[in-house]
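Q: need a 3D model of the sequence below.
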Amino acid sequence: MVARVVTVAFDGVEARRVDVEVQQVATPAGAFAIVGLPDKAVAESRERVRGAFAGIGLALPPKKVIANLAPADLPKEGSHFDLPIALALLASMGVIAPDALDGWAAVGELGLDGQIAAVGGTLPAAMAAGAMGLGLICPEANGPEAAWAGDTAILAPRSLIGLINHFRGTQVLRAPEPGPVTAGGAVPDLREVKGQESAKRALEIAAAGGHNLLFIGPPGSGKSMMAQRLPGLLPPLTPQELLETSMVWSVAGLIDRGALTRDRPFRSPHHSASMAALTGGGLRAKPGEASLAHNGVLFLDELPEYSAQALDSLRQPLETGEIVVARANAHVRYPARFQLVAAMNPCRCGLGGAGRGACGKAPRCQRDYQNRISGPMFDRIDLTVETPPVTAADMALPAPAEGTAEAAARVANARAQQEERVRAAGFDPDKARDQAINARASGETLDRFAAPDDAGRALLMRAGEAGGLTARGWTRTLRLARTIADLDGSTGVLRRHVAEALMYRRTTVGAQGDFDRQTAHRSETPAF
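A: Below is the predicted model:
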C-alpha cells in the first residue's frame with residue numbers, strides 16, 4: 001500500500017506542492033530510502049523519523065521503506081519534510097487511518113523524543129495549502145503564524161503522539177489563534193537632531209515619495225542619526241504589504257510565535273556584508289537584507305566601505321523590485337522593493353575639502369574615495385544631501401519646535417494625495433498600488449501628473465542639455481519634483497519644485513572637493 005500526504009517546497013516565498021509517498025517493500029529489511037532530489041537535511045530525515053518513532057514507542061516495520069518526494073525533478077531542501085514523511089509512514093503502518101490525512105498538508109521538524117520543532121516558511125505554506133483546498137498541520141510554535149492564512153484549517157500539535165491521538169479520536173487539538181499585531185520599538189524623535197535643516201527637509205521628501213537618499217558629511221554630523229529616525233516618518237504597512245513582508249520574514253524564520261508588526265522594516269547591515277548577505281543566496285538561497293527590507297528601508301552606513309560587487313548587486317532590484325538568485329538547477333525569486341538610504345564620509349579621512357581640519361589631499365582624496373561607488377549606482381539615488389559639521393552654536397540652541405510627529409503628518413498627507421490621484425485616474429488595482437508612490441511612478445502616471453509647467457520644463461531641458469541628467473535622472477527628477485509639489489500642497493509641478501529636485505541630483509566633484517549642486521532654487525538664472 002502507498003500512503004500519501006501533501007507538503008510544500010519553497011521557491012523563494014512561493015510554496016510549491018510536493019506529494020510525499022511512502023511504500024513498504026519486502027527487502028532489504030530495515031532499509032529506509034528517501035528519493036526525489038533531497039538535500040542533506042531531507043536525507044537525514046530518515047534518522048530523525050527513526051528516532052522520533054523510538055521516542056514514542058514505535059519501531060519501523062521489518063521491511064524496506066521508500067519515501068518518494070514528487071515531483072522528482074524539484075529540489076527539496078530543509079527539515080520541514082520530517083513530519084509529512086512520518087505521517088505517511090504512520091498511515092502505511094496502519095497506526096492512523098490512511099484517509100485521515102486526506103485534506104491536509106504538513107510541515108514540521110521532528111526531535112528524537114517525538115516533539116515537533118518549529119520551522120521557517122509556515123505562513124506561505126499555510127497560504128499555499130489554503131489555495132489547494134487543504135488544511136495545514138504544523139508545529140505548535142508555528143500555529144499562531146499559520147493562523148494568519150485566513151480560512152485555512154490549522155492543526156498545531158506539540159508532539160507526534162499528540163497528533164496520532166487526535167487522528168485516532170482520543171485527543172482533540174484546538175485550532176490556534178493568530179498571533180498579535182505588535183508595535184515596534186520606540187523610534188527616536190527628529191526633534192533630537194539640532195541643525196541640519198536641509199538634511200531634515202530631504203529626509204521628509206524621501207519619506208513622502210519613497211525616494212532613495214544619500215547623506216554625505218564628516219563624522220559626527222548626524223547622518224546615521226537622521227536615517228534612524230526615518231521609520232517614524234513612514235506610514236504603517238497596508239494589509240497587503242504586511243502579508244508580503246511577513247511571508248519573506250517567515251521563510252527566513254524571523255517571525256516569533258506569530259507576532260506581526262505593521263511597522264515598516266528597517267534593515268542596517270554592517271559594511272562587511274557580502275553580496276549573498278545583501279541580495280540572498282547561500283546553500284539554500286535564503287532571502288538577503290534587501291528582501292528582508294521589502295516594503296521598508298535598507299540603510300547602508302559607510303557606503304564606500306561595502307564591496308563594489310555587493311553594491312552593484314543592488315542596482316537591478318532598485319529598478320525591478322525583485323531579486324533573482326540564479327542556481328544551476330533553479331532560479332529563486334524574492335521580492336525586494338525597498339527604499340535605499342545611505343550615508344558616507346566625503347573622503348577617507350572624513351574631513352572633506354573645506355573648513356577647519358580640511359583634508360590636505362582634496363579633491364583627489366574625495367574623488368578616489370567616492371569612485372568606489374559606480375556611476376550607475378549614484379544615478380539611482382534621488383537625493384544627495386551634504387551634512388556640514390554641527391557647530392557649537394547649533395548644539396547650544398533649544399530643541400526644534402517640530403519633530404517626528406509634525407513631519408510624519410505632512411508625509412501622511414502627501415502619501416494620501418498620491419493614492420487619491422492614482423485612484424481617481426481609474427488605474428486597475430495592481431497598477432494603482434505600484435503607481436501610488438511617486439518613486440515608482442512611470443509612463444502614463446508621470447505624463448499625467450508630473451509634467452511641469454512651461455518654466456519648469458525649460459529649466460529641466462537646460463539641465464538635460466548641459467549633460468547633468470541621464471534618461472533615468474530625468475525620470476527620477478520628475479518623480480522627485482512631484483513629491484515636493486505634494487508636500488507643498490500644489491496640484492501641478494511648478495518651476496520651484498523642479499529647481500529643488502535638481503538641486504538634490506548628484507553631479508561631479510568640483511575643484512575644491514565640494515559637490516557641484518544646481519542652485520536654481522536660489523537664483524532666477526540657473527547655473528548650468
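
Q: worst-scoring helix or strand of this protein, pLDDT-wise?
A: Lowest by mean pLDDT, DSSP states H and E among the helices and strands of the chain is helix 429-435, with a mean of 74.

Q: list the buried ones in the helix or strand following it?
A: Going down the chain from helix 429-435, the next helix or strand is helix 444-449, by DSSP states H and E. Going by neighbour count (16 or more other C-beta atoms under 10 Å), the buried part of helix 444-449 is 445-446, 449. Heads up, the C-betas are built off the backbone N, CA and C, glycines and all.

Q: what residues does helix 444-449 touch?
A: Here helix 444-449 makes contact (C-beta atoms under 8 Å, 6 or more residues apart in numbering) with 421-422, 425, 427, 435, 441, 475, 478-479, 482.

Q: the helix or strand that that helix is followed by - contacts with which helices or strands?
A: Scanning forward in sequence from helix 444-449, with DSSP H and E defining helices and strands, the next element found is helix 454-465. Based on contacts counted as 3 or more C-beta pairs under 8 Å, 6 or more residues apart in numbering; DSSP states H and E, the elements that helix 454-465 packs against are helix 471-488, helix 495-503.

Q: same list (these) but as JSON lines, adding mean neighbour count, distance to residue 260 and mean pLDDT.
A: Listed next are the helices and strands packed on helix 454-465 as JSON lines, based on neighbours: other C-beta atoms under 10 Å; distance: least, C-beta to C-beta, whole Å; pLDDT from 0 to 100:
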{"stretch": "helix 471-488", "mean neighbour count": "22", "distance to residue 260": "29", "mean pLDDT": "95"}
{"stretch": "helix 495-503", "mean neighbour count": "24", "distance to residue 260": "36", "mean pLDDT": "95"}
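
Q: gap between the residue lying closest to residue 16 once chain neighbours are set aside and residue 71?
A: Once flanking residues are discounted, residue 16 sits nearest to residue 9: 5.2 Å by C-beta to C-beta, 6 or more residues apart in numbering. From residue 9 across to residue 71, the span is 9 Å (C-beta to C-beta, to the nearest Å).

Q: try residue 130
A: Distance check for residue 130 against residue 71: by C-beta to C-beta, it reads 21 Å.

Q: looking at those two, which is more packed in?
A: Shown here are residue 130 and residue 71; by other C-beta atoms under 10 Å, residue 130 has more neighbours (19 against 13).

Q: just checking, the more buried one touches residue 146?
A: No. Residue 130 is not in contact with residue 146 according to C-beta atoms under 8 Å; the separation is 9.9 Å.

Q: find residues that contact each of those two.
A: When contacts are counted by C-beta under 8 Å, 6+ apart, residue 130 and residue 146 are jointly contacted by 136, 152.

Q: mind listing what's buried in the longest helix belonging to the chain?
A: The helix spanning the most residues in the chain, taking DSSP state H as the definition, is helix 404-424. Residues of helix 404-424 classed as buried by neighbour count (16+ other C-beta under 10 Å): 404, 407-408, 410-412, 414-415, 417-418, 421-422.

Q: now it - C-alpha only, CSV.
A: Only the C-alpha atoms of helix 404-424 are listed here, as CSV (Å, rounded to 0.1, in the frame of the first residue of the first chain):
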residue,chain,number,x,y,z
THR,A,404,8.8,63.4,14.1
ALA,A,405,5.0,63.8,14.7
GLU,A,406,4.7,67.0,12.7
ALA,A,407,6.9,65.7,9.8
ALA,A,408,5.0,62.4,9.8
ALA,A,409,1.7,64.2,9.4
ARG,A,410,2.9,66.1,6.3
VAL,A,411,4.3,62.8,4.9
ALA,A,412,1.0,61.1,5.5
ASN,A,413,-0.9,63.9,3.8
ALA,A,414,1.4,63.7,0.8
ARG,A,415,1.0,60.0,0.5
ALA,A,416,-2.7,60.3,0.7
GLN,A,417,-2.6,62.8,-2.2
GLN,A,418,-0.6,60.3,-4.3
GLU,A,419,-3.1,57.4,-3.6
GLU,A,420,-6.1,59.6,-4.3
ARG,A,421,-4.6,60.9,-7.5
VAL,A,422,-4.0,57.4,-8.8
ARG,A,423,-7.3,56.1,-7.6
ALA,A,424,-9.2,58.9,-9.3
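
Q: looking only at pLDDT, what's the mean for the helix or strand where residue 207 lies?
A: With the criterion set as DSSP H and E, the secondary-structure element containing residue 207 is helix 197-209. Computed over helix 197-209, the mean pLDDT rounds to 95.

Q: any buried residues in it, and which?
A: Here helix 197-209 shows 199-209 as buried, counting by 16+ other C-beta under 10 Å.

Q: the next helix or strand after that helix - which strands sit beside it in the sheet, and in what orientation?
A: Remark: after helix 197-209, the chain's next helix or strand is strand 213-216, criterion DSSP H and E. Strands flanking strand 213-216 in the sheet, each with its direction: strand 339-344 (parallel), strand 383-386 (parallel) (DSSP bridges).

Q: report the buried residues of the first one.
A: By neighbour count with 16+ other C-beta under 10 Å, strand 339-344 contains the buried residues 339-344.

Q: could you point out the longest strand in the chain?
A: Assignment by DSSP state E gives strand 14-25 as the longest strand of the chain.

Q: pull the residues that contact that strand.
A: With contact meaning C-beta under 8 Å, 6+ apart, strand 14-25 is reached by 1-10, 36, 61, 63-71, 74, 76, 81, 84-85, 87-89, 91-93, 121, 124-125, 127-128, 132, 333.

Q: can you name the next helix or strand after it?
A: Tracing the chain past strand 14-25, the next element assigned as helix or strand by DSSP H and E is strand 32-35.

Q: contacting residues around residue 59?
A: In this structure, residue 59 makes contact with residue 53, judged by C-beta under 8 Å, 6+ apart.

Q: show me where the stretch 251-400 of the chain dips below the pLDDT cut-off.
A: Within the stretch 251-400 of the chain, the ranges that satisfy pLDDT under 70 run 283, 328-329, 352-358.

Q: let's see it at 50
A: Filtered on pLDDT under 50, the stretch 251-400 of the chain yields no residues whatsoever.
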